[in-house]
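> quick one: sequence plus predicted model below, questions after.
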Amino acid sequence: MKHERDEPERTRVRPFLARHGSAGRSDRRSVGGPRPFVLTSGRVATDGPYIGLETQVSARYPNDPAVSLLPAEHRAIVALCAEPLSVAEISARLRLHFGVARVLVGDLAASGHLDLRSGAISDPHDPDLIMRVIRGLRALK
Amino acid sequence: MDYARSSSFPTDPRPGIQPPMPVKIVVAGGFGVGKTTAVGAVSDIAPLTTEAVMTSEGVGLDEPRSGSGKSTTTVAMDFGSVTLDHTLKLYLFGTPGQSRFGFMWDDLVQGALGALVVVDSDRLVDCHGAVDYFEQCGLPFAVGVNAFFGQINYSLDQIRWALTVGDDVPVFAFDARNRISVRDALLVVLDRALDNALGRQAIPG
């Protein structure tokens, strides 16, 4: 199927995510190195707070000139997070393995480039929260 | 990665844009049962999906329902979101209920309000992994039988019996293509989650 692509696919990160047929969109290109966790120096976790799929991330200093000194993957994450975004979305849009995105986001939070809304991990057993979700969904048309 | 921030730093921190509080519901089930369809039906962003042509790894193992016309199969995770109000955003994570994706499940279930298990009445066995997992970890869940072509081939009682789920687990038919039907399916999950949460509160201490 390779000949169908508009440009050479560089999916060294998540080869199983290759989009046959719809490839070629520039935002679908992978960033990264030969193996997923090379980007994280082999780390699969950081010391910081728990980062989940839905954890909201935003850039603290979107126009920080120092961002340009960061490695490409880090720059791409900061650029995406001008508006709050979930880690799952970062992972999908940059085609980074979720585990890799989580480590890089943790690093960027530790270095002050990103804000994590980690204090607001919702309590799934809070009846009031569940009621708010129910009311919100009922309003969907 | 140590960037000291001095007081002369050129740009001010952004004025506090408070991100919404994220909540999530897991949408689980076998291959080709309509998880992606269900997520897409209610999501207000185009679902970010990792759905791709089945890899050689999956060939022979994961046969989509014959006649469903589905040429691609979810090999990883797809998700969408519904902004309920400016403070609350619901994420829907679709996941194949397969043991070889088990590495993701802890992250999926952590903090989830509940799960919708989507089943195809002709291939009930596909959802066993998901049902087992949610029972084990105590996540409230409901079973939605996707009515392919508007019909299901067994009664809901037969399906409940075949799945051997508890009487307290809702089993109902829905249409994964229909936004209101999917919304109602999620409401069933949330009712179950609410019962569960109130039950916890009632236990003293």
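Here it is on my side, so go on.
> which single residue of chain A ends up nearest chain B?
Evaluated by Cβ to the nearest Cβ, chain A has residue A:136 as its residue closest to chain B, separated by 2.9 Å. The way it works is simple: take the backbone N, C-alpha and C, and place the C-beta from them, glycine included.
> neighbours around that residue, how many?
For residue A:136, the count of nearby residues is 19 (other Cβ atoms under 10 Å in any protein chain shown).
> only C-alpha atoms, please: export stretch B:169-182 in PDB.
This file holds the C-alpha atoms of stretch B:169-182, laid out as PDB (Å, rounded to 0.1, in the frame of the first residue of the first chain):
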ATOM      1  CA  VAL B 169     -26.600  -4.600  35.200                       C
ATOM      2  CA  PRO B 170     -28.900  -2.900  32.600                       C
ATOM      3  CA  VAL B 171     -29.100  -4.700  29.300                       C
ATOM      4  CA  PHE B 172     -30.800  -2.800  26.500                       C
ATOM      5  CA  ALA B 173     -30.900  -2.300  22.800                       C
ATOM      6  CA  PHE B 174     -29.800   0.900  21.100                       C
ATOM      7  CA  ASP B 175     -28.700   2.200  17.800                       C
ATOM      8  CA  ALA B 176     -25.000   3.300  17.700                       C
ATOM      9  CA  ARG B 177     -25.700   5.500  14.700                       C
ATOM     10  CA  ASN B 178     -28.300   7.600  16.400                       C
ATOM     11  CA  ARG B 179     -27.200  10.500  18.500                       C
ATOM     12  CA  ILE B 180     -30.200  10.400  20.800                       C
ATOM     13  CA  SER B 181     -30.100   6.700  21.200                       C
ATOM     14  CA  VAL B 182     -26.400   6.800  22.200                       C
END
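> and the contacts of it?
A:140, B:33-35, B:37-38, B:41-42, B:118, B:141-147, B:150, B:152, B:156, B:159-160, B:163, B:165, B:184-185, B:188, B:191-192 (Cβ atoms under 8 Å, 6 or more residues apart in numbering or on different chains).
> which residues touch the residue of chain B found nearest chain A?
Nearest to chain A, among the residues of chain B, is residue B:84, at 2.9 Å (Cβ to the nearest Cβ). By Cβ under 8 Å, 6+ apart, the contact list for residue B:84 reads A:132-133, A:136-137, A:139, B:90.
> the nearest residue to residue A:113 once chain neighbours are set aside: helix or strand, and which one exactly?
Spatially, and ignoring its direct neighbours in sequence, residue A:113 is nearest to residue A:78 (5.4 Å; Cβ to Cβ, 6 or more residues apart in numbering or on different chains). Assigned by DSSP states H and E, residue A:78 falls within helix A:72-80.
> swap in residue B:132?
Assigned by DSSP H and E, residue B:132 falls in helix B:128-137.
> those strands in chain B, which residues are they?
Using DSSP state E, the strands assigned to chain B run over residues B:21-29, B:48-49, B:78-85, B:88-96, B:112-119, B:141-146, B:171-174.
> helices or strands up against the fifth one?
This points to strand B:112-119. When contacts are defined as 3 or more Cβ pairs under 8 Å, 6 or more residues apart in numbering or on different chains; DSSP states H and E, strand B:112-119 packs onto helix A:127-138, strand B:21-29, helix B:35-42, helix B:128-137, strand B:141-146, helix B:179-202.
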